[in-house]
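Participant: pasting the sequence and the predicted coordinates here, then a few questions.
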Amino acid sequence: FIVLSFFAFIFGNKITYIFKNFPLNEEFVENFYRYFANDPIKIYLGKEEIIGGIVGVISLILFYLYHKYDRKNFKEKAEHGSAEWGEKKDIEIVEDKQEEKNKLFTLSEKMSINTRKTFKNNNTLVIGGSGSGKTITLKVMAESFSDAGVPVFLSDIKGDLAGMGLPGENNENIQKRVTNLNLENFTFKDYPTHFWDVEGMKGHPIRTTVNNIGYQLLSRMLGLTEAQEGVLAIAFKIASDNEWPIIDLKDLRLILQYIGDNRKDYTLQYGNVTLQSIGSIQRNILVLQQQGGDNFFGEPSLDITDFIKYSATDGRGYINILHAVNLFQKPTLYATFLLWLLNELYIKLPEVGDLEKPKMIFCFDEAHLLFEEMPDYMIKDVIQVVKLIRSKGIGLYFISQNPKDIPDDVKDELFNCSLVIQALDKKMYE
């Protein structure tokens, strides 16, 4: 560090001398090279030059302190990954005393979903910066739950989760990793998987009716204003009172058109309906249809219990993978779809109490999208579901880059899993 400080002083000293004595023109680069190359350790003793050298040393010290405070915690002969600001004791709560039950994350950190802290259907928060290993962590945990006979739902927003359906193939990089981690009797393994796709292109199609999704979620999906949402609520109420099923978006467009044509007949009973609001809703429905919304709305509707399946050969839980590469390009549609799935799980599944192991694990990847621009009343509904869904045997995993992405009232209901925190400063972690 002393040597680096010396060169930092020389650098600041020479830079100050050059800028002080030579104008910024075509000869500047030549002078810059000449004063550094011909006499690299010469020090100028002018007042400004000395100050420039001191500034160079101070800059180096600040750079060092910043990186020392917030650097990645690489451990000797270990990979970076777990409990960045923690000690060994901090991770013991998720380690099983029976070594074979643990999943290996790094040379020094292992965990098991069989311990009471993790295996019970706790709602969990997993946070970490880009490239910190959140996806790999989820894959390992999904495989662990599957081995324990617990189905899992994951959304694949990058297209890199499908590999769980087939055993891996050996290569040089994997062999090096196996050697470095001292793994014995390592074998490749596949897992029972079901693939789902709202578009029906790369998995079983997921459909529901407009009636099932309800006007509130549909309003968010369409990006409606409060006044437009009120008109949509009136349309749903009129359809319900007249026993008109709203199966798909075409049905909804026809009902809105009918109400618009006969709005005077409904104003006194249901409230004011303006042509401007109906026109705006129709336009937004058209946009949703162009984005592939017609693929989502229709029959037969998804039976949510189709997610809770087990392998007939060994009893492992199925890993349900939603192909969401295209869906994720429409963040509001993606988030609303996942909220609908969460609501369906809560409504359709029976009460089972506090189980020793969950009936299913449901993962919200990029969870910040769920709460962006969400109305307060809807956030309250989500908080209520998060609080009560454990009694249905469902464990929720919220995955995001920053704990601030999740509302405080939701975080209060989560078991904080700090296994993959990397690119966050210590203050934010605490």
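Facilitator: Great, that's in hand. Computed from a predicted model, the values in this text were never measured in an experiment.
Participant: how close does Ile399 get to Tyr318?
Facilitator: Distance of Ile399 to Tyr318, computed by Cβ to Cβ, to the nearest Å: 20 Å. (C-beta placed from N, C-alpha, C; glycine too.)
Participant: out of those two, which sits in the more crowded spot?
Facilitator: Ile399 (24 against 21; other Cβ atoms under 10 Å).
Participant: quick one: contacts for the more buried one?
Facilitator: 126-127, 134, 138, 363-367 (Cβ atoms under 8 Å, 6 or more residues apart in numbering).
Participant: need those in JSON lines with secondary structure, can you?
Facilitator: Below are the contacts of Ile399 laid out as JSON lines (DSSP: H, G, I helix; E, B strand; the rest coil):
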{"residue": "Val126", "secondary structure": "strand"}
{"residue": "Ile127", "secondary structure": "strand"}
{"residue": "Lys134", "secondary structure": "helix"}
{"residue": "Leu138", "secondary structure": "helix"}
{"residue": "Cys363", "secondary structure": "strand"}
{"residue": "Phe364", "secondary structure": "strand"}
{"residue": "Asp365", "secondary structure": "coil"}
{"residue": "Glu366", "secondary structure": "coil"}
{"residue": "Ala367", "secondary structure": "coil"}
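Participant: quick check: the two most widely separated of the residues you listed?
Facilitator: Ile127 and Cys363 (13.4 Å; Cβ to Cβ).
Participant: ok, those two, which is more surrounded?
Facilitator: Ile127 (27 against 22).
Participant: right, and the more buried one touches Asn402 too?
Facilitator: Yes. Ile127 is within contact range of Asn402, at 6.6 Å (criterion: Cβ atoms under 8 Å).
Participant: distance check, the residue minimising distance to the centre of the chain against Lys411.
Facilitator: Centroid check for the chain by Cα atoms, centre = their mean gives Glu366 as the closest residue, at 2.2 Å. To Lys411, Glu366 is 16 Å away according to Cβ to Cβ.
Participant: same question, Lys357
Facilitator: For Lys357, the distance to Lys411 - Cβ to Cβ - is 24 Å.
Participant: for the residue nearest to the centre of the chain, which residues are in contact?
Facilitator: 157, 328, 334, 399-400.
Participant: just the residues you listed: which are in helices?
Facilitator: Counted as lying in helices by DSSP state H, out of the contacts of Glu366, are Tyr334.
Participant: among the contacts of Glu366, which ones are buried?
Facilitator: 157, 328, 334, 399-400 (16 or more other Cβ atoms under 10 Å).
Participant: between those, which is nearest Asp190?
Facilitator: Looking across those and measuring by Cβ to Cβ, the closest to Asp190 is Ile157, at 22.0 Å.
Participant: Phe328 is in contact with the closest one, correct?
Facilitator: Yes. Using Cβ under 8 Å, Ile157 makes contact with Phe328 at a distance of 4.2 Å.
Participant: joint contacts of the two?
Facilitator: In contact with both Ile157 and Phe328: 334, 366, using Cβ under 8 Å, 6+ apart.
Participant: buried set for stretch 318-334?
Facilitator: Applying 16+ other Cβ under 10 Å to stretch 318-334 flags 318-324, 326-328, 330, 333-334 as buried.
Participant: one more: stretch 2-21?
Facilitator: 5, 8-18.
Participant: what about Ile234, distance to Met221?
Facilitator: Ile234 is 18 Å from Met221, by Cβ to Cβ.
Participant: grab the longest strand from this structure for me.
Facilitator: With residue count as the measure and DSSP state E as the assignment, the chain has strand 394-400 as its longest strand.
Participant: can I get that strand in PDB? Just the C-alpha atoms.
Facilitator: Extracted C-alpha coordinates of strand 394-400, given in PDB (Å, rounded to 0.1, in the frame of the first residue of the first chain):
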ATOM      1  CA  ILE A 394     -48.500 -23.100   0.500                       C
ATOM      2  CA  GLY A 395     -45.000 -21.600   1.000                       C
ATOM      3  CA  LEU A 396     -44.300 -18.400  -0.800                       C
ATOM      4  CA  TYR A 397     -40.800 -17.400  -2.000                       C
ATOM      5  CA  PHE A 398     -40.400 -13.700  -3.100                       C
ATOM      6  CA  ILE A 399     -37.200 -13.200  -5.100                       C
ATOM      7  CA  SER A 400     -35.900  -9.800  -5.900                       C
END
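Participant: distance from the chain centre to the next helix-or-strand element following it, please.
Facilitator: For strand 394-400, the following helix or strand on the C-terminal side (DSSP states H and E) is helix 408-411. In terms of Cα atoms, centre = their mean, to the nearest Å, the gap separating the centre of helix 408-411 from the centre of its chain is 16 Å.
Participant: which neighbouring elements make contact with helix 408-411?
Facilitator: helix 376-388 (3 or more Cβ pairs under 8 Å, 6 or more residues apart in numbering; DSSP states H and E).
Participant: quick one: mean pLDDT for the helix it packs on?
Facilitator: Per-residue pLDDT values over helix 376-388 give a mean of 79.
Participant: got the angle for that helix vs strand 394-400?
Facilitator: 130 degrees (axes from the mean of the first three to the mean of the last three Cα atoms, to 10 degrees).
Participant: which parts of the stretch 151-300 of the chain are strands?
Facilitator: For the stretch 151-300 of the chain, the strands defined by DSSP state E, counting those that start in this stretch cover 152-156, 193-197, 204-205.
Participant: could I get those as TSV with mean pLDDT and distance to Val352?
Facilitator: Listed next are the strands of the stretch 151-300 of the chain as TSV, based on pLDDT from 0 to 100; distance: least, Cβ to Cβ, whole Å:
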stretch	mean pLDDT	distance to Val352
strand 152-156	90	18
strand 193-197	93	22
strand 204-205	90	26
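Participant: so which of the ones you listed is the most packed in?
Facilitator: Ranked by mean neighbour count under mean count of other Cβ atoms under 10 Å, the strands of the stretch 151-300 of the chain are led by strand 152-156, which reaches a mean of 25.
Participant: hmm, back to that, tell me which of the strands of the stretch 151-300 of the chain lies nearest to Ile383.
Facilitator: Of the strands of the stretch 151-300 of the chain, nearest to Ile383 by Cβ to Cβ is strand 152-156, at 20.5 Å.
Participant: how about the secondary structure of Phe362?
Facilitator: Reduced to three states by three-state DSSP, Phe362 is strand.
Participant: right, I mislabeled it, should have said Asn320
Facilitator: strand.
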